[in-house]
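1. Sequence below, structure please.
(one chain, ligands or ions: 1)
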Amino acid sequence: MGVLVIGGGISGLVAARSLALAGVPVLLAEAGPRVGGKVGTEHVDGFTIEHGPDSFLATRPAAVLLARELGLGDELVGTRDPRAVFIRHRGRLIPMPEGLGLVLPTRALPFATTRLFSWPEKVWMARDIVMPRRLGSDDIAVGVFLRERLGGALVERLAGPLVGGVYGTPIDELSLDAVVPALRTAERDHRSLLLAGLADGRAMRRSAARRPAGQRSLGVFVSLRAGMDTLTAAIAASAVAAGAEIHTGLPVTALARAGAGVSSAFADGSRAVFDAVVIATPANVAAGLIETEEANAARALSTIPHGTSILVTLAYRRDRVGHDLVGHGYLVPPSEGGAIGACTWSSQKWPGRAPDGAALLRMFVRDEGAATSLPDEALVAAARADAERTLRISGEPELVRVARYERAMPRYTVGHLRRVAAVEQAMAAWPAVSVIGASFRGVGLPDCVSGAATGAARMLERLGAGSTADAA
Ligand SMILES: Cc1cc2nc3c(=O)[nH]c(=O)nc-3n(C[C@H](O)[C@H](O)[C@H](O)COP(=O)(O)OP(=O)(O)OC[C@H]3O[C@@H](n4cnc5c(N)ncnc54)[C@H](O)[C@@H]3O)c2cc1C
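-> Now for the predicted structure:
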């Protein structure tokens, strides 16, 4: 009895830990050979390679707080200066204007003088200042809204690569309400997005001025000194110390009702009955697990689309790279063509990611068109061509890795929150089973952490923590 947690990514690990800390017997079943899910770090020849996330947002505190709670406070590292990011425009790298918030300028001058936009494009953007509010109550694509207010150039060259890139979804399909609700609030409160951005900038500068002298914040993005899997390993260790059992290489194949409990079938042919189950896999996998028992909920879960994310990592000898690599990397708008959407200069962005004299590059394959169906060799060739041309690199890479996540990246398309509400409503028919994870209310690690903690708390409430522990 007790609770079965399916999936050992960060969401499943956090849920298993919370339940175990509350005294509930927990079995976590992970299909793969290790825990961490998309969080995966490789150490080789002095390189620290992240095959999934390389950082998380400090501005959404759940992951930072968890790291501190696990004793990893001193392991948190911020990005190195200078924090410049470039956009490739007509083959050349142009610095992103300084003081850019998510997509809105927080300072006027760098935006007014950037080479990224022509004067007619800037004048077009400035119309936003006098434009009335445009949003109705319905969700809308981020790209459609921004194009209307600020013009196509901003969507094409900044918002698309920045926001669409992070969410692995074309910006003209991405849900405003699920991904950047702050833009809705900005229009509601300030009418003009540009004026809202500048007001945010003033507030940020006031709060930075109040920070005690000499205290430097870690910045917007933080990572862990020895790699991101330090965090998932620590969550797993803490869950086990609290009494959870973690089994890797144990895929769950189906769930069924068993009285008030849930019967789980495992790929090795075994079965077991639990008081309750927390599914922490992508929603499309969760749908398959419950479809014979709860077809309505399975259908609701299947409405959340999932795309493919592919990361090609390349390392070169530093003296083979013609570019000075001063900054964190570059973004590639779709109009530039090619399969690559972004390149992070990991050896520059983070301390300790590459040995001296080496450059470590993280190349993101665009999840649009046919790129993600290409074989690894073709993607490596595309990544090499992009990096070698843009950064004037000669010679062969010293190291090549490809990480693929097939149909495993949730796409928050327009109407996402409505689909999530429908999932929650349909899942209410089977209260012994709940779903958590990146497919629902945030793909970033902090949102996964807080979503999993909330999911576990609801499950505990339902079980009545004491009685479950006694019953098991
Ligand atoms: C390349 C890449 C870069 C990213 N960069 C960032 C970043 O910099 N910052 C950030 O905050 N986020 C980033 N993300 C997003 C973030 O990594 C994910 O949203 C998050 O890790 C998802 O965690 P999860 O536990 O919900 O799901 P997952 O990590 O997908 O875990 C689900 C687990 O379930 C297991 N599983 C599946 N089916 C079964 C089954 N039948 N039985 C048992 N187990 C099963 C899987 O093997 C997997 O381990 C990135 C993602 C990718 C792919």
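
2. if I look at the closest residue to Thr303 other than its chain neighbours, how far off is Leu255?
-> Closest residue to Thr303 apart from its sequence neighbours, by CB to CB, 6 or more residues apart in numbering: Arg419 at 5.0 Å. Using the backbone N, CA and C atoms, a C-beta is placed for each residue, glycine as well. Note on Arg419: its distance to Leu255, by CB to CB, to the nearest Å, is 21 Å.

3. So for those two, which sits in the more crowded spot?
-> Using other CB atoms under 10 Å, the more surrounded residue of Arg419 and Leu255 is Leu255, with 25 against 22.

4. which stretch of helix or strand covers that one?
-> strand 252-258 (DSSP states H and E).

5. buried ones in that strand?
-> Within strand 252-258, the residues scored as buried using 16 or more other CB atoms under 10 Å are 252, 255.

6. close to the ligand, is it?
-> Yes - interface with the ligand: strand 252-258 contributes Val252 (CB under 6 Å from any ligand atom).

7. hey, C-alpha coordinates of that strand in PDB?
-> Extracted as PDB, the C-alpha positions of strand 252-258 are listed here (Å, rounded to 0.1, in the frame of the first residue of the first chain):
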ATOM      1  CA  VAL A 252       4.800   1.300 -15.300                       C
ATOM      2  CA  THR A 253       2.500   0.100 -18.100                       C
ATOM      3  CA  ALA A 254      -1.100   0.500 -16.800                       C
ATOM      4  CA  LEU A 255      -3.200   1.500 -13.800                       C
ATOM      5  CA  ALA A 256      -6.600   0.100 -12.800                       C
ATOM      6  CA  ARG A 257      -9.100   0.500 -10.000                       C
ATOM      7  CA  ALA A 258      -8.700  -2.100  -7.200                       C
END
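
8. Given that strand, what are its sheet partners and their directions?
-> With DSSP bridges as the test, strand 252-258 is paired with strand 261-266 (antiparallel).

9. how about the partner strand, does it get close to the ligand?
-> No - Strand 261-266 lies out of reach of the ligand by CB under 6 Å from any ligand atom, never closer than 8.3 Å.

10. The next helix or strand after that strand - contacts with which helices or strands?
-> With elements assigned by DSSP H and E, the helix or strand that comes after strand 261-266 is strand 271-274. Packing contacts for strand 271-274, counted by 3 or more CB pairs under 8 Å, 6 or more residues apart in numbering; DSSP states H and E, involve strand 3-6, strand 261-266.

11. The first one - contacts with which helices or strands?
-> This means strand 3-6. If contacts are counted by 3+ CB pairs under 8 Å, 6+ apart, strand 3-6 sits against helix 10-21, strand 26-29, strand 261-266, strand 271-274, strand 276-279.

12. give the contact list for the nearest residue to Trp124 once chain neighbours are set aside.
-> For Trp124, ignoring the flanking residues on the chain, the nearest one in space by CB to CB, 6+ apart is Gly151 at 4.3 Å. For Gly151, the contacting residues are 121, 124-125, 127, by CB atoms under 8 Å, 6 or more residues apart in numbering.

13. Any of those buried? List them.
-> Among these, the ones that count as buried by 16+ other CB under 10 Å are 121, 124-125.

14. residues in contact with Ala178?
-> Here Ala178 is in contact with 139, 412, 416-417, 420 (CB under 8 Å, 6+ apart).

15. Out of those, give me the one that has the most neighbours.
-> Going by other CB under 10 Å, Tyr412 tops the contacts of Ala178 with 28 neighbours.

16. Could you report the distance from that residue to Gly243?
-> Distance, Tyr412 to Gly243, using CB to CB: 35 Å.

17. ditto for Leu194
-> Relative to Gly243, Leu194 is positioned 54 Å away (CB to CB).

18. That'll do, ta.
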